[in-house]
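S.K.: Give me coordinates for this.
(chains A and B, ligands or ions: 2)
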Amino acid sequence: MMNNVIEVEGLTVERGGRTVLPDLSVVVPAGQVVGLLGPSGSGKSTLIRAVVGVQVVAGGTVRVLGEPAGSPDLRHRVGYVTQDPSVYDDLSVRANVRYFAAMLDAPRSSADDAIAAVDLTDHADALVGRLSGGQRSRVSLAAALVGDPELLVLDEPTVGLDPVLRRDLWGLFNRLAAQGRSLLVSSHVMDEAARCDRLLLLREGRVLADATLPDLLERTGTTDAEGAFLALIDRAEEAAR
Amino acid sequence: MNVHRTLVTAGRVLAQLRADHRTIGLMLVVPCVLIGLLAWIFQDTPVFDALGAPLLGVFPFVVMFIVTSVATLRERTSGTLERLLTTPMGKGDFMLGYAIAFGVMAVLQALVATAFAVWVCGLDVAGPLWQLVAVAVLDALLGSALGLLASGFARTEFQAVQFMPAFVLPQFLLCGLLVARDRLPDVLHPVSDVLPLSYAVDAMKAVTTSTAPGSDVLGDAVVILVWVVASLVLGSLTLRRRTP
Ligand SMILES: Nc1ncnc2c1ncn2[C@@H]1O[C@H](COP(=O)(O)OP(=O)(O)OP(=O)(O)O)[C@@H](O)[C@H]1O
Ligand SMILES: [Mg+2]
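M.R.: Ligands and ions are numbered 1, 2, ... in the order given. This next block holds a predicted model:
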């Protein structure tokens, strides 16, 4: 059993002529839900893209499940959900999930289970283009769940969802981790930090903190993730001065 | 390469098309309208018999070029391609899946347009009709393959649509419809010898004018097929797993 599912070392990424991730090093342990938190533009999606091997990188190494990120061997083992739902608007929910099931060599029947897991069974025959934004992003999530991957990399899967649905999805993520799956989930909703086993706080492409929530609160003397995050930013700016 | 994933992808593209009744209608009706117009403009002259068949090859080429390049560009901009390339699906599965789906549409389109040209507009065809249909299907496939390739160079829908005149109109000017290819200026003649649409038009002309055009058509068909395969291979090279 591996200890770390993701090992990033000295990762440097340039996008649009700017260095978005300067020399980032971080690990994600196995069997946990790791929250990737940080303000808009801090580089969460860029890091996630590097992990699934679709980002051109300028330097450093990214190893996933013991292999270099993006290697063919990982394509069955890593599930990826992009920030904007990437599903076909002109197909039904079921047709979409079945298509991705076929691409992942998953049994056809697994599509209905994945649709049930994101609570869309009532809409299985609806065209994705006629669904709400939150429903569409759940279709996108189902299309990744359907392959039952060892590692799930989810870019803001709960954006635009109501509290009940968010609670249910985080329940699902925690259950998957309990079954031995590993998850890296980005979010900028700080109160979701409470549902993560571990937190990675990113700011301007740098890791501000890599700890459990209780550790973080103790270290900063705050009572919630948002307070801790702000305290860390203040300290970083203090130190820079 | 994986046969199952390729066929499922082709089925998915066709299912998307089926949901879009207007596009299917346009793909089937527009060539008929254009051919009908042509027959009407040139009624009581021999021009329609000379131009009708070559245009029967050009229309599916143009229509398929546009439809395919926009469809694959949509796949790039919507993020579905990025996601697909993180799954075990191969680039070849993707390209062939699209080629098969649009190939099926091409057969439908060629059957409808040829039937309309021959039975409604009275196009005179000396050779066997099935060869006319076969060449029209090949031309449509060629349009699809070049469209797949062109979309690799387009970042936006606007660019994709502009590639139509850029890729297609020069070929149209040089294919021998406006000026016979052997009367083209010295520099342009060899250019027209390389471009695939020239062979599409040559093949169509052969079928309409000769009662046994088999060997001529076969030669042209081989050149077109080589272009189809080359475009698909080049096109799959433009599918990048990693992007900036
Ligand atoms: N396609 C792109 N081309 C060039 N630069 C980009 C591109 N996408 C993002 N960037 C830049 O990279 C930086 C990090 O973006 P990224 O998408 O990783 O942020 P993020 O943390 O995911 O933000 P958000 O919470 O808004 O999704 C930003 O400064 C952005 O301007
Ligand atoms: Mg993002």
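
S.K.: I'd guess A:Val20 is in a helix, am I close?
M.R.: No - residue state for A:Val20 (DSSP: H, G, I helix; E, B strand; the rest coil) corresponds to strand; a helix is not indicated.

S.K.: hey, which helix is longest across chain B?
M.R.: helix B:47-77 (DSSP state H).

S.K.: after it comes which helix or strand?
M.R.: As assigned by DSSP states H and E, the chain's next helix or strand after helix B:47-77 is helix B:80-84.

S.K.: Point out the other helices and strands that that following helix packs with.
M.R.: Counting contacts by 3 or more C-beta pairs under 8 Å, 6 or more residues apart in numbering or on different chains; DSSP states H and E, helix B:80-84 packs against helix B:47-77. C-beta: built from backbone N, CA, C; applies to glycine.

S.K.: What residues sit buried inside the helix it packs on?
M.R.: Of all the residues in helix B:47-77, those buried under the rule 16 or more other C-beta atoms under 10 Å in any protein chain shown are B:48-49, B:51-76.

S.K.: Could you list the low-pLDDT ranges of chain A?
M.R.: Under the criterion pLDDT under 70, the flagged ranges of chain A are A:1-2.

S.K.: 90 instead?
M.R.: A:1-3, A:39, A:108, A:133-134, A:158-165, A:168, A:188-194, A:224-226, A:228-230, A:232-241 (pLDDT under 90).

S.K.: interface residues of it facing ligand 2?
M.R.: Taking C-beta under 5 Å from the ion as the measure of proximity, chain A contacts ligand 2 at A:44-45, A:83.

S.K.: So what sits opposite A:Leu200 in the bridge?
M.R.: Per DSSP bridges, the residues bridged to A:Leu200 are A:Leu36, A:Asp210.

S.K.: okay, now it: neighbour count?
M.R.: By the criterion of other C-beta atoms under 10 Å in any protein chain shown, A:Leu200 has 22 neighbours.

S.K.: Now do the contacts for B:Leu232.
M.R.: B:95-96, B:99, B:145, B:148-149 (C-beta atoms under 8 Å, 6 or more residues apart in numbering or on different chains).

S.K.: any idea of the angle whichever strand or helix holds it forms with helix B:47-77?
M.R.: Assigned by DSSP H and E, B:Leu232 falls within helix B:214-237. Using axes from the mean of the first three to the mean of the last three C-alpha atoms, to 10 degrees, the direction of helix B:214-237 lies 20 degrees away from that of helix B:47-77.

S.K.: what mean pLDDT does helix B:214-237 have?
M.R.: The average pLDDT within helix B:214-237 is 91.

S.K.: Please enumerate the helices of chain A.
M.R.: Under DSSP H, chain A gives helices at A:44-52, A:93-103, A:110-117, A:133-145, A:163-178, A:213-220, A:225-240.

S.K.: gap between the residue in chain A that ligand 2 sits nearest to and ligand 1?
M.R.: At 3.1 Å from ligand 2, A:Ser45 is the closest residue in chain A, using C-beta to the ion. Separation of A:Ser45 from ligand 1 (C-beta to the nearest ligand atom, to the nearest Å): 3 Å.

S.K.: hang on, that residue packs against A:Val159?
M.R.: No - the pair A:Ser45 / A:Val159 is not scored as a contact, 12.0 Å apart, by C-beta atoms under 8 Å.

S.K.: overlap in contacts of these two?
M.R.: Counting by C-beta under 8 Å, 6+ apart, the contacts common to A:Ser45 and A:Val159 are A:Gln83.

S.K.: Of those two, which one has the most company?
M.R.: A:Ser45 (20 against 17).

S.K.: OK, contacts around that one?
M.R.: Counting by C-beta under 8 Å, 6+ apart, A:Ser45 has contacts A:83, A:155, A:186.

S.K.: Where strands are concerned, which of those count?
M.R.: A:155, A:186 (DSSP state E).

S.K.: which parts of chain A sit against chain B?
M.R.: By C-beta under 8 Å from any C-beta of the partner chain, the part of chain A that sits against chain B consists of A:15-16, A:52-56, A:70, A:72, A:75-76, A:78, A:80, A:82, A:84-91, A:95, A:99-100, A:102-105, A:127, A:143, A:147.

S.K.: now the contacts of B:Leu232 in CSV, with secondary structure?
M.R.: Output for these, formatted as CSV (three-state DSSP):
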residue, secondary structure
B:Met95, helix
B:Leu96, helix
B:Ala99, helix
B:Ala145, helix
B:Leu148, helix
B:Leu149, helix
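
S.K.: How many residues are close by the residue of chain B found nearest ligand 2?
M.R.: Closest residue of chain B to ligand 2, C-beta to the ion: B:Gly79 (12.2 Å). Neighbours of B:Gly79 under the rule other C-beta under 10 Å: 17.

S.K.: so who does the residue lying farthest from the centre of chain B touch?
M.R.: Distance to the chain centre peaks in chain B at B:Pro244, reaching 31.7 Å (criterion: C-alpha atoms, centre = their mean). B:Pro244 sits next to A:15-16, A:55-56 when contact means C-beta under 8 Å, 6+ apart.

S.K.: Which members of those are classed as buried?
M.R.: Buried, going by 16+ other C-beta under 10 Å: A:15, A:55, out of those.

S.K.: wait, which of the contacts of B:Pro244 is closest to B:Asp216?
M.R.: A:Val56 (48.4 Å; C-beta to C-beta).

S.K.: roughly how far apart are that closest one and B:Arg240?
M.R.: 9 Å (C-beta to C-beta, to the nearest Å).

S.K.: Then B:Ala39?
M.R.: Taking C-beta to C-beta, one finds B:Ala39 at 46 Å from B:Arg240.

S.K.: So for those two, which residue has more residues nearby?
M.R.: B:Ala39 (20 against 15).

S.K.: Now that one: closest residue in space that isn't a chain neighbour?
M.R.: Distance criterion C-beta to C-beta, 6 or more residues apart in numbering or on different chains; nearest residue to B:Ala39, sequence neighbours excluded, is B:Cys121 at 3.8 Å.

S.K.: before we move on, what about B:Gln171?
M.R.: Using C-beta to C-beta, 6+ apart, the closest residue to B:Gln171 is B:Leu197 (3.9 Å).

S.K.: can you tell me which residues contact that neighbour?
M.R.: Taking C-beta under 8 Å, 6+ apart, one finds B:58, B:61, B:139, B:142, B:168, B:171-172, B:174-175 in contact with B:Leu197.

S.K.: Double-check that it belongs to a strand.
M.R.: No - looking at B:Leu197 with three-state DSSP, it is helix, so not inside a strand.

S.K.: For it, give its distance to B:Leu178.
M.R.: In terms of C-beta to C-beta, B:Leu197 sits 12 Å off from B:Leu178.
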